[in-house]
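[1] Need a 3D model of the following:
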Amino acid sequence: MDEVEGDALERLLRLVELMNSKGVLSFLEAVVERWDDLLAVAADWIASSKVPSNALLIYEGLNKAGVDGTTPTLSQLIREFNDPAVRRGLFFLISFLKAIGNATERQESKGTQVTGK
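    I've put the predicted structure just below:
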């Protein structure tokens, strides 16, 4: 074993020791031991939520956006508000932002401060 490999091995051992002292290894062991249960819970959550359909909507919207790099005028933007699809998209975005705000508020009320950093 050369010096570089020895140094890498020492760094790996220090990392494992640090992970052990911080409880990360115990957490990872528990995750691996309960992997099937965790996958089942995640699958049930995804199946019972709107995550797949909302992710698909976002993906389709990004693909169809067709942004050409030009800056629209204010009158062009205002005219877009007449389009029902634009209003539905805005409502979706506002609902999404509201949900994030509510989740942030709940975390802050539990004493976990959320910062923008």
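[2] Tell me how far Arg11 lies from Leu74.
    57 Å (Cβ to Cβ, to the nearest Å). C-beta coordinates here come from the backbone N, C-alpha and C atoms, glycine included.
[3] If you could redo that for Ala55, that was the one I meant.
    32 Å.
[4] Please state the offset of stretch 53-60 from the chain centre?
    14 Å (Cα atoms, centre = their mean, to the nearest Å).
[5] Which residues outside it are in contact with it?
    For stretch 53-60, the surrounding residues in contact (Cβ atoms under 8 Å, 6 or more residues apart in numbering) are Phe92.
[6] out of Arg11 and Leu74, which sits in the busier spot?
    Neighbours per residue (other Cβ atoms under 10 Å) separate Arg11 from Leu74, with Arg11 holding more: 10 against 7.
[7] helices or strands up against the host helix or strand of that one?
    Assessed by DSSP states H and E, Arg11 sits inside helix 3-21. Where contact means 3 or more Cβ pairs under 8 Å, 6 or more residues apart in numbering; DSSP states H and E, helix 3-21 is packed against helix 24-33.
[8] quick revisit: and the helix holding Arg11, how far out from the chain's middle?
    That offset, for helix 3-21, works out to 30 Å (Cα atoms, centre = their mean).
[9] Flag the shaky bits of the protein, pLDDT-wise.
    Residues of the chain that meet the criterion pLDDT under 70 lie in 51-52, 66-67, 69, 111-117.
[10] where along the chain do the helices fall?
    Secondary structure of the chain (DSSP state H): helices at 3-21, 24-33, 35-48, 51-64, 74-80, 84-109.
[11] Give me the domain ranges for this structure.
    1-49, 50-117 (automatic domain parsing).
[12] Tell me how many other residues surround Gln92.
    To be clear, residue 92 is Phe; Gln isn't right here. Phe92 has 14 nearby residues by other Cβ under 10 Å.
[13] repeat for Ile58
    Neighbours of Ile58 (other Cβ under 10 Å): 13.
[14] can you check Leu25 too?
    14.
[15] Distance check, it against Leu15.
    When Leu25 is compared with Leu15 (using Cβ to Cβ), they lie 11 Å apart.
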